[in-house]
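**Student:** Take a look and give me a structure for this.
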Amino acid sequence: MGKLDPNSPQAPKFQIADDLVAAIRSGEYAPGDPLPSYKALADDYGVAIGTVQSAIAVLRERGVVVTRQGTGSSVHPDLDPKTLPDRVAQQVAVPAADLTEMLALLHEMNERLKVIEANTRAD
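**Tutor:** Just a heads-up that it's a prediction; the model follows:
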């Protein structure tokens with residue numbers, strides 16, 4: 001842990017999240033184990049505490065860790081490390097066909113909104 005790739009297209013928060021997932025998968029952190037403090041992780045990775053908070057938030061949203069006020073973050077006690085993906089960022093992948101369809105729908109909605117706005121101004 002502790003090395004970020006400055007040439008990676010992946011944001012530092014995702015690199016840190018992926019690194020923590022790898023540590024969990026390898027058994028370095030078991031379900032229920034506490035993770036290092038935000039400050040310790042920030043020092044280890046050479047990033048701001050906010051970047052570490054964002055990385056932990058990504059893992060929390062995916063059910064990998066739990067965070068409690070005053071006690072910090074720990075690996076979710078019910079987590080099966082074998083079910084974790086290799087990379088956190090892969091979980092947000094969307095097929096190109098879906099993106100094309102979404103873009104077409106957004107364009108259609110934008111055109112309808114223009115008509116509504118024009119009719120509202122005319123009144």
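**Student:** Which elements pack onto the longest helix along the chain?
**Tutor:** Assignment by DSSP state H gives helix 96-122 as the longest helix of the chain. Applying 3 or more CB pairs under 8 Å, 6 or more residues apart in numbering; DSSP states H and E, we find helix 96-122 packed against no helix or strand. The C-beta positions use only the backbone N, C-alpha and C, and glycine is treated the same way.
**Student:** how about the strands in this structure?
**Tutor:** 65-68, 72-75 (DSSP state E).
**Student:** Would you map out the domains in this protein?
**Tutor:** 1-91, 93-123 (automatic domain parsing).
**Student:** which stretch in the ones you listed is the model least sure about?
**Tutor:** Mean pLDDT across the domains of the chain is lowest at domain 93-123; the value there is a mean of 84.
**Student:** Could you tell me how far that domain lies from the centre of the chain?
**Tutor:** 28 Å (CA atoms, centre = their mean, to the nearest Å).
**Student:** Please tell me how far residue 8 sits from residue 16.
**Tutor:** Per CB to CB, to the nearest Å, residue 8 is found 11 Å from residue 16.
**Student:** Between the two, which is the more surrounded one?
**Tutor:** residue 16 (27 against 11; other CB atoms under 10 Å).
**Student:** contacting residues around the more buried one?
**Tutor:** When contacts are counted by CB atoms under 8 Å, 6 or more residues apart in numbering, residue 16 touches 4, 41, 45, 47, 51, 52, 55.
**Student:** about what we covered before: packed most tightly, which of the domains of the chain would that be?
**Tutor:** domain 1-91 (a mean of 15; mean count of other CB atoms under 10 Å).
**Student:** My read is that residue 27 contacts residue 75, right?
**Tutor:** No - if you go by CB atoms under 8 Å, residue 27 and residue 75 don't touch, sitting 10.7 Å apart.
**Student:** Contacts only, for the residue nearest the centre of the chain.
**Tutor:** In the chain, the C-alpha nearest the mean C-alpha coordinate belongs to residue 58, at 3.2 Å (CA atoms, centre = their mean). Residues near residue 58 by CB under 8 Å, 6+ apart: 13, 14, 17, 88.
**Student:** So for residue 46, what's the nearest residue that isn't a sequence neighbour?
**Tutor:** Using CB to CB, 6 or more residues apart in numbering and skipping the chain neighbours, the partner closest in space to residue 46 is residue 4 (7.2 Å).
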